[in-house]
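In: Model the structure of this input:
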Amino acid sequence: MTAIFQPEGPLFRATEHAGGPWSPDMLQGSATTALMTREVERLADTSGFAVRRLTFDLSRPAGLRAFALDTAVLRNGRKAKTIQVRLLDGEVEIGRCTALLAAQGQDTPLDPFAPAAGADKAPEAGTPPPAFAQKWSRYFQNVSVRLIEGALEKPGPAAAWMRLDVPLVAGEANTPLLQAVQAADFSSGVAQIVDMREWTFINPEISLYFFRPPEGDWILIRSRTRVGAGGAGLTMATLSDRAGPFAEVMQAMSFERRAAQAQAS
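Out: Numbering: from 1, shown residues only. As a prediction, this is how the structure comes out:
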């Protein structure tokens, strides 16, 4: 059965379907962040608290290997908890997630400025990207994409529905939270603003802020990127499901000009 990871006892082995854009032997960021989120969600469900923030720091590239997860509680309050999940390749830390969980209240004020449900086109009304864009990575080939604004192959803001169509972990269904996190990693790609024949860009981190739990398997990314000075940039995105927005995403970006020889090839 096709899956991104295969469980091996307490470990999770990345399959070929986890391959990212830089090398088919290196994991897509969506795979690493979603695997750490799976552990966060387990702890949140046990505590009865809601996931309010997820911050991922990606330390180094991850190969197609078997990974362990190490969890620690950094704060264990009555109204808020902070937990840390580390992704390990043996003794080497690949990345970590710091998650804020909050107690759920009984009442919520009405937001008179919230967009109405159905304000965005449904995924069924969108269009798939060109076939060459879908081959951006092995992982991405297992993601359904439906564009409702802009284009993946052209610079500028865009909006696209995404859904991971294979299990993150073999034998398990993908939860809405996993779908949201794996989609969020594509925010900078959806809103890329440079000619990728001349520039490369990476995001060594990503943060998601949730104001309600996501629903369903289709996630809409509406993103934009801004460039500052010294190669620095920032991607900002709103994540929505069919009921409307539920989270905001921020990615710190680093841009680097490609070598002249690479540009000419």
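
In: Lowest-scoring secondary structure element of the protein by mean pLDDT?
Out: Taking mean pLDDT, DSSP states H and E as the measure, the chain has helix 260-264 as its least confident helix or strand, at a mean of 46.

In: in the stretch 51-200 of the chain, which spans are strands?
Out: Using DSSP state E, counting those that start in this stretch, the strands found in the stretch 51-200 of the chain span residues 66-76, 80-89, 92-102, 143-149, 158-164, 199-202.

In: Looking at those, spot the one closest to Leu110.
Out: Nearest of the strands of the stretch 51-200 of the chain to Leu110, taken as C-beta to C-beta: strand 92-102 at 19.6 Å. The way it works is simple: take the backbone N, C-alpha and C, and place the C-beta from them, glycine included.

In: for the stretch 101-250 of the chain, what spans make up the helices?
Out: Applying DSSP state H, counting those that start in this stretch to the stretch 101-250 of the chain gives helices spanning 131-134, 176-184, 187-190.

In: what would those helices look like in JSON lines with mean pLDDT, distance to Ser223 and mean neighbour count?
Out: Listed next are the helices of the stretch 101-250 of the chain as JSON lines, based on pLDDT from 0 to 100; distance: least, C-beta to C-beta, whole Å; neighbours: other C-beta atoms under 10 Å:
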{"stretch": "helix 131-134", "mean pLDDT": "82", "distance to Ser223": "16", "mean neighbour count": "12"}
{"stretch": "helix 176-184", "mean pLDDT": "97", "distance to Ser223": "9", "mean neighbour count": "26"}
{"stretch": "helix 187-190", "mean pLDDT": "83", "distance to Ser223": "4", "mean neighbour count": "26"}
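
In: Show me what the strand ranked longest in the chain pairs with in its sheet, parallel or antiparallel.
Out: In the chain, with assignment by DSSP state E, the single longest strand is strand 244-257. Using DSSP bridges, strand 244-257 pairs in its sheet with strand 199-202 (antiparallel), strand 205-210 (antiparallel), strand 232-241 (antiparallel).

In: CA atoms only: put it into CSV for me.
Out: Extracted in CSV, the C-alpha atoms of strand 244-257 (Å, rounded to 0.1, in the frame of the first residue of the first chain):
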residue,chain,number,x,y,z
GLY,A,244,-13.9,29.1,5.9
PRO,A,245,-10.6,30.2,7.4
PHE,A,246,-9.2,28.4,10.4
ALA,A,247,-5.4,29.2,10.6
GLU,A,248,-2.7,31.7,9.6
VAL,A,249,0.8,30.6,8.5
MET,A,250,4.1,32.4,8.5
GLN,A,251,7.4,31.2,6.9
ALA,A,252,10.7,33.0,7.2
MET,A,253,12.3,32.8,3.7
SER,A,254,15.9,33.0,2.6
PHE,A,255,16.7,33.7,-1.1
GLU,A,256,19.9,33.0,-2.9
ARG,A,257,20.9,33.8,-6.5
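
In: and it, which residues are buried?
Out: Applying a neighbour-count criterion of 16 or more other C-beta atoms under 10 Å, one finds Gly244, Pro245, Phe246, Ala247, Val249, Met250, Gln251, Met253, Phe255 buried in strand 244-257.

In: Name the nearest residue to the first one, sequence neighbours excluded.
Out: Yep, that's Gly244 we're talking about. Ala117 (5.0 Å; C-beta to C-beta, 6 or more residues apart in numbering).

In: tally of neighbours for that neighbour?
Out: 12 (other C-beta atoms under 10 Å).
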